[in-house]
Structures are given as C-alpha cells and as structure tokens.
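Peer 1: Have a look at this fold, sequence not included:
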C-alpha cells in the first residue's frame, strides 16, 4: 500500500458514493451514520472491512417479504418518505410503528424567517482545509 492508495481512501470514496445515493433519505443516512460509527468502534484498524460492510446497511426490499420488526424507509409516489418499524403487511397494506415522515425538500427563491420561530441556526462551512491548513490545500484533478 502506498501513500497514494489505502483502505481509508476506499472507505471514504465508498462513503461519498453512498451519501450521494441516499441524500434524499434522512432515515437511510441516519442508519448509515450509526452503523459506520458502530463498525469503526469495533474494528477501527480494518477500514477495508468497514467499506465492504457499507453495502449491507441499506438494501432494496419487497413489501410482501418484509419481516416484523425490520426498520425500513418507504419512498411514496408523492415524494414523501416514511421510515419506521414493520408491524406487518396484509391485504396490500404495510403497517409501521415508531414512524417518521419526511417531506421532499422544496426549492425557494427566497425565505423570510421570524426569529421567534428559530430553535437553532447552523452555519455550513466549505473549504475548511483552506481555512485551517492553507499549506495543505492543493488543487485536485476531477
């Protein structure tokens, strides 16, 4: 293994692809984040095994093959997403408990938000390497 290529690079590349794939599924991203943390705590020196395991966190499923107790996300035709724990599937109806519903983000040209409606504001920072360690901020070819 060289400085140019390592298992950690593979892990990050796979993680970036998975995040891009499930960017519209907050429940899947939460499951990926939680499982990634658990894997890293158990086997921190095996990033290659962690990378291989990432493919097993979110899997396609058929409604009539779901098992009771499984955690799932369901993308609805209207763009909403529901996550929850399977209670059962009967007569074409899927029953879930401990559910969360997510609405598809909507693009706005502009928004006005009253301060009294705000619980927390988070700044989203880009180019952190350039700001923290400018000597390490090299140009990267795509």
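Peer 2: That came through fine. All values derive from a computational prediction rather than experimental measurement.

Peer 1: Residue 27 and residue 132: what is the separation?
Peer 2: Residue 27 sits 32 Å away from residue 132 when distances are taken as C-beta to C-beta, to the nearest Å. Glycine gets a C-beta too; all of them are placed from N, C-alpha and C.

Peer 1: Which helix or strand contains the residue nearest in space to the middle of the chain?
Peer 2: Nearest to the geometric centre of the chain sits residue 29, at 1.7 Å (C-alpha atoms, centre = their mean). For residue 29, the element it lies in under DSSP states H and E is helix 26-42.

Peer 1: More neighbours: residue 27 and residue 132, which one.
Peer 2: When neighbours are counted by other C-beta atoms under 10 Å, residue 27 and residue 132 differ, and residue 27 comes out ahead with 21 against 9.

Peer 1: what about the residue lying closest to that one once chain neighbours are set aside, which SS state?
Peer 2: With C-beta to C-beta, 6 or more residues apart in numbering as the measure, residue 83 is the residue that lies nearest to residue 27, at 3.4 Å, once sequence neighbours are left out. Reducing the assignment to helix, strand or coil with DSSP: H, G, I helix; E, B strand; the rest coil, the entry for residue 83 is strand.

Peer 1: Residue 25: neighbouring residues, count only.
Peer 2: By other C-beta under 10 Å, the residues close to residue 25 number 17.

Peer 1: which residues sit in contact with it?
Peer 2: Residues in contact with residue 25 (C-beta atoms under 8 Å, 6 or more residues apart in numbering) are 58, 73, 75, 81, 102.

Peer 1: How many residues are close by the first one?
Peer 2: For residue 58, the number of neighbouring residues by other C-beta under 10 Å comes to 19.

Peer 1: Who are the contact partners of it?
Peer 2: Residues in contact with residue 58 (C-beta under 8 Å, 6+ apart) are 18, 22, 25, 28, 31-32.

Peer 1: One more pass at 6 Å, please.
Peer 2: residue 28 (C-beta atoms under 6 Å, 6 or more residues apart in numbering).

Peer 1: Many thanks, have a good one.
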